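1. give me a model of this one.
(one chain, ligands or ions: 2)
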Amino acid sequence: MARIIAGVTSSHVPAIGAAIDNHRTEEPYWKRVFSGFEKSKEWMAKVKPDVCIAVYNDHASAFSVEIVPTFALGCAAEFPPADEGWGPRPVPVVKGHPQLAAHIAQSVILDEFDLTVVNKMEVDHGLTVPMNLLFGSPKEWPCPVIPLAVNVVLYPPPTGHRCFMLGRAIRKAVESYPEDLRVVMMGTGGMSHQISGPRAGLINSKFDKAFLDNLSKDPKKLMRMPHIDYMREAGAEGIEMVMWLVMRGALDDKVDEVYRFYTVPASNTAVGHIILANRAKSAKRKPVAKHKRAAARAKVDRIRS
Ligand code: DHB
Ligand code: FE
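-> Residues are numbered from 1 along each chain as shown. Ligands and ions are numbered 1, 2, ... in the order given. Got it, this is the predicted structure:
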């Protein structure tokens with residue numbers, strides 16, 4: 001059986017990608033940002049997931065405003081980097097996992113959770129920047145990645161509750177996949193940022209840190225938060241954080257917080273990152289108390305007689 005072992009969130013600021021591509025990661029400004037992901041890269045290299053599911057948003061690269069699916073699942077064998085105006089980023093092509101993706105599409109859609117099935121798609125900074133932050137800059141990405149694009153660019157985006165429940169449905173899908181795969185869920189985007197208008201540059205660290213606390217310990221609180229609260233407190237683009245709830249919904253209610261990092265700013269944006277791990281399920285069965293065993297035996301005897 002496949003299972004989700006952990007969830008990781010990360011911002012996807014495009015300037016982080018530009019700093020990598022232009023070899024500026026050692027500059028003090030950028031070193032501050034990248035140093036926060038050293039432990040995460042070590043963790044990823046140790047955990048070695050068989051597959052990642054990356055919840056991210058497309059920024060009008062694969063989907064123009066003519067067609068904007070709310071949830072789009074990448075079922076293709078590969079996803080090349082998109083040209084976002086400066087040519088495609090010099091990063092490896094993302095290899096998908098068409099079998100698991102098709103299984104998730106079937107399970108989730110028949111569970112009445114409508115998804116758009118995407119058989120051809122390029123991926124932009126929303127996906128490629130978190131890949132660099134979590135895997136570094138290898139020649140090939142170390143594992144297949146299933147992209148799940150969420151609309152957070154055109155009103156109305158899905159609610160936090162809907163995102164969380166999609167995470168739950170994905171977990172059910174993964175757990176009904178027969179192959180033994182260890183899956184890591186990625187939630188990307190955020191944290192507080194607004195990139196246009198009079199409030200451009202808005203950063204709200206108090207909100208961001210409370211969001212990270214709740215994501216870790218009390219995600220149900222976040223499920224109820226309306227869009228207007230994200231917009232007011234975390235800026236227009238802060239709404240990207242609803243995607244983190246897909247990741248959280250796919251995890252157990254109680255998780256271990258493995259690592260957290262927060263820094264301000266990167267470009268116009270607050271950078272936030274957290275690693276949450278499901279607690280290992282014990283293979284041993286819980287010992288049943290003697291009196292409970294006796295009561296169960298008595299019940300069976302009553303039924304039989
Ligand atoms: C910027 C763009 C993004 O998509 C984002 O999530 C954060 C920042 C930017 O253009 O700076
Ligand atoms: Fe974005």
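2. how about the residues of the chain by ligand 1?
-> Applying Cβ under 6 Å from any ligand atom, we find that the chain lies next to ligand 1 at 12-15, 59, 189, 193, 195, 237, 240, 267-269. Bear in mind the C-beta positions are built from the backbone N, C-alpha and C, glycine included.
3. which strand runs longest in this structure?
-> Among the segments of the chain that qualify as a strand by DSSP state E, the longest is strand 255-266.
4. can I get the residues of the chain next to ligand 1 in CSV with pLDDT and distance to residue 223?
-> Compiled in CSV, those are given as follows (pLDDT from 0 to 100; distance: Cβ to Cβ, whole Å):
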residue, pLDDT, distance to residue 223
12, 98, 22
13, 97, 26
14, 97, 29
15, 97, 31
59, 97, 25
189, 97, 17
193, 98, 22
195, 95, 26
237, 97, 20
240, 98, 16
267, 95, 29
268, 91, 28
269, 96, 24
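5. farthest-separated two in those residues?
-> In the residues of the chain next to ligand 1, two members sit farther apart than any others by Cβ to Cβ. They are 15 and 240, at 15.3 Å.
6. tell me which of these two has more neighbours.
-> More crowded of residue 15 and residue 240, by other Cβ atoms under 10 Å: residue 240, with 28 against 17.
7. adjacent strands (with direction) for the longest strand of the chain?
-> For strand 255-266, sheet partners with direction are given as strand 269-278 (antiparallel), following DSSP bridges.
8. for ligand 1, see how far away residue 127 is.
-> According to Cβ to the nearest ligand atom, to the nearest Å, residue 127 stands 11 Å off from ligand 1.
9. now residue 195: phi and psi?
-> Dihedral pair for residue 195: phi -110, psi 0, per degrees, to the nearest 10.
10. so it touches residue 268, yeah?
-> Yes - if you go by Cβ atoms under 8 Å, residue 195 and residue 268 touch, sitting 5.6 Å apart.
11. and the longest strand of the chain, what's buried?
-> For strand 255-266, the buried set under the neighbour-count rule, 16 or more other Cβ atoms under 10 Å, comprises 255, 258-262, 264-266.
12. among the residues of the chain next to ligand 1, which are in strands?
-> Cross-referencing these against strands under DSSP E gives residue 269.
13. measure residue 259 to residue 273 for me?
-> Going from residue 259 to residue 273 by Cβ to Cβ, to the nearest Å gives 8 Å.
14. common neighbours of those two, please.
-> Shared contacts of residue 259 and residue 273, defined by Cβ atoms under 8 Å, 6 or more residues apart in numbering, are found at residue 40.
15. pLDDT weak spots in the stretch 201-305 of the chain?
-> By pLDDT under 70, the low-scoring segments of the stretch 201-305 of the chain are 282-305.
16. which residues in it form helices?
-> Defined through DSSP state H, counting those that start in this stretch, the helices belonging to the stretch 201-305 of the chain, from first to last, are 205-217, 219-223, 227-234, 242-249, 290-304.
17. how about the stretch 51-200 of the chain?
-> Secondary structure of the stretch 51-200 of the chain (DSSP H, counting those that start in this stretch): helices at 98-110, 125-135, 160-175.
18. and the ones you listed as JSON lines, adding mean pLDDT and mean neighbour count?
-> Rendered in JSON lines, the data for those read as follows (pLDDT from 0 to 100; neighbours: other Cβ atoms under 10 Å):
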{"stretch": "helix 98-110", "mean pLDDT": "98", "mean neighbour count": "18"}
{"stretch": "helix 125-135", "mean pLDDT": "98", "mean neighbour count": "26"}
{"stretch": "helix 160-175", "mean pLDDT": "98", "mean neighbour count": "21"}
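19. turn those into CSV, including distance to residue 210.
-> Supplementary listing: these in CSV, determined by distance: least, Cβ to Cβ, whole Å:
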stretch, distance to residue 210
helix 98-110, 30
helix 125-135, 22
helix 160-175, 14
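20. what's the closest of those helices to residue 205?
-> With Cβ to Cβ, the closest approach to residue 205 among the helices of the stretch 51-200 of the chain belongs to helix 125-135: 19.5 Å.
21. determine the set of other helices and strands touching the closest one.
-> Using 3 or more Cβ pairs under 8 Å, 6 or more residues apart in numbering; DSSP states H and E as the contact criterion, the elements in contact with helix 125-135 are strand 3-10, helix 14-21, helix 38-47, strand 51-56, strand 94-95, strand 145-150, strand 182-188.
22. in the longest one, what's buried?
-> It refers to helix 38-47. Residues of helix 38-47 classed as buried: 40, 43-44 (neighbour count, 16+ other Cβ under 10 Å).
23. do the same with the last one
-> For strand 182-188, burial by neighbour count (16+ other Cβ under 10 Å) applies to 183-188.
24. give the contact list for the closest residue in space to residue 62 that isn't next to it in sequence.
-> Nearest-residue entry for residue 62: residue 121, 4.8 Å, with adjacent residues in sequence omitted and distances by Cβ to Cβ, 6 or more residues apart in numbering. Under the criterion of Cβ under 8 Å, 6+ apart, the contact list for residue 121 reads 62, 72, 74, 76, 79, 147, 149.
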